[in-house]
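Colleague: fold the following.
(one chain, ligands or ions: 1)
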Amino acid sequence: MDGAMNDSVADFGTFFLPGPTEVRREVLAAMMKPMIPHRSAEFEQLFARLQPGLQSVFKTDRPVFIAPASGTGMMEAGIRCTEPGRILSLVNGAFSERFAHIAEMCGREVDRYEVAWGETHNLEELEKYLTAATYRAITVVHSETSTGALNDIRLISDCCHRLGVRCLVDSVSGAAGAELRMDEWGLDYVLTGSQKAFALPPGLAFSVASASFITAAEQSQGRGVYFDLVEMDHFATRGQVPSTPALSLMYALDVQLEAIGLEGIENRWKRHTAMAEMTDAWVLEGQRDGIDLKNIVERGRRSPTVSTLQLPAGMSADEFLRKVRSKGITVASGYGKLKATTFRIGHMGDHSPATLERCLSACRWAISN
Ligand code: PLP
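Modeller: Now for the predicted structure:
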């Protein structure tokens with residue numbers, strides 16, 4: 001990590017949830033700044049300053065929409081603004097199931113291509129689904145935070161486009177930590193939230209839509225108001241947002257984008273990959289010492305931002321988490337049906353191999369004592 005981030009390492013490095021993740025003091029302090037009128041040149045300058053930084057994270061020339069919402073808001077926006085038609089949801093965990101549920105609750109006909117938790121989707125199978133019925137779009141989760149599995153969204157999106165189907169990507173725990181190239185990969189719609197690899201407080205959702213997605217959305221009914229991407233697009237061209245922005249969070253974003261720019265997005269991806277590999281090496285070392293630990297996701301399909309590790313048989317997950325906390329470190333429980341048998345480490349955002357080292361030693365102590 002670069003110097004700007006190292007400054008705060010001394011008082012940073014205890015909170016390893018896979019969202020919200022730990023936020024640096026400097027970023028929190030930025031939110032103390034006074035309010036400004038949002039229909040003003042001052043706001044437009046702020047909005048314009050944020051765009052290049054956000055675009056570098058998504059690797060896009062398109063405007064990046066900023067909504068005062070959590071990630072779910074931008075999931076719903078994507079569904080509401082997709083042209084009418086059936087949706088295929090790729091499900092491999094809790095959040096990909098949530099995307100399917102949102103589509104259903106927005107009145108869509110939804111089919112699911114479901115694989116076991118911890119697995120990723122297979123391109124040949126996907127192609128079979130997409131040719132067996134007529135779909136307008138698919139939904140897919142890039143980094144499935146409930147398991148730590150990483151889908152290859154580039155290949156999934158290519159497969160969709162060959163068959164004339166749109167691809168809506170939830171990159172809530174991917175963006176800013178896992179490689180993501182909106183324009184080069186020709187993605188239609190990608191969304192994320194502020195509280196994961198951006199290492200900001202929760203409360204902002206970001207998304208990018210291709211020009212063709214917006215043009216098609218203009219013809220669609222039922223886009224609603226708050227999450228109308230066409231409206232967000234019109235406002236963005238004037239350096240504005242449709243409703244009152246979360247100014248304090250945008251001040252924090254401003255500071256954080258500067259740090260991300262100094263580090264460089266490719267370096268940020270590399271740092272996340274290094275942390276996932278370090279976690280893997282730690283698991284292997286434990287196994288060599290006779291500790292029955294394992295990552296529930298196969299190597300090569302793992303997210304660089306979050307690992308789900310299966311605890312030794314018979315070990316109480318609650319007791320393990322309590323012991324880790326007694327060392328001043330917070331890791332997450334397993335998600336949903338994995339709660340009793342696994343735990344998750346969010347090695348994302350501004351964490352580094354140095355802070356992760358502390359987390360892993362606390363986990364090792366908790367397992368061995
Ligand atoms: N998608 C993924 C992959 C997530 O990890 C989450 C939250 O953890 C969501 C969607 C929902 O985001 P939010 O809770 O910000 O609405």
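
Colleague: identify the residue nearest the residue of the stretch 151-300 of the chain found nearest the ligand in space, chain neighbours excluded?
Modeller: In the stretch 151-300 of the chain, the residue that lies nearest the ligand is Val172 (3.5 Å; Cβ to the nearest ligand atom). Heads up, the C-betas are built off the backbone N, CA and C, glycines and all. Spatially, and ignoring its direct neighbours in sequence, Val172 is nearest to Gly71 (4.2 Å; Cβ to Cβ, 6 or more residues apart in numbering).

Colleague: any idea how far the ligand is from the one you found?
Modeller: 3 Å (Cβ to the nearest ligand atom, to the nearest Å).

Colleague: now do Thr131
Modeller: The value you get for Thr131 to the ligand, if Cβ to the nearest ligand atom is used, is 27 Å.

Colleague: need the residues of the stretch 1-150 of the chain near the ligand, please.
Modeller: Gly19, Ser70, Gly71, Thr72, Phe95, Val141, Thr145 (Cβ under 6 Å from any ligand atom).

Colleague: now do the contacts for the fourth one.
Modeller: Right, the one you point to is Thr72. Residues in contact with Thr72 (Cβ atoms under 8 Å, 6 or more residues apart in numbering) are Arg98, Ile102, Ala205.

Colleague: the first one touches Met75, doesn't it?
Modeller: Yes. The pair Arg98 / Met75 is scored as a contact, 7.2 Å apart, by Cβ atoms under 8 Å.

Colleague: mind checking which of the two has more residues around it?
Modeller: Met75 (29 against 19; other Cβ atoms under 10 Å).

Colleague: so the more buried one sits in a strand?
Modeller: No. Met75 is assigned helix when assessed by DSSP: H, G, I helix; E, B strand; the rest coil, not a strand.

Colleague: what pLDDT does it get?
Modeller: Per-residue pLDDT puts Met75 at 98.

Colleague: does Gly286 sit in a helix, a strand or a coil?
Modeller: Gly286 is classified as helix under three-state DSSP.

Colleague: same check on Ser207?
Modeller: Applying three-state DSSP: Ser207 is strand.

Colleague: doesn't Phe227 make contact with it?
Modeller: No. At 9.4 Å, Ser207 does not count as touching Phe227 under the criterion of Cβ under 8 Å.

Colleague: save the contacts of Thr72 as a markdown table, and put in pLDDT too.
Modeller: A markdown table is the format used below for the contacts of Thr72 (pLDDT from 0 to 100):
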| residue | pLDDT |
| --- | --- |
| Arg98 | 98 |
| Ile102 | 98 |
| Ala205 | 98 |
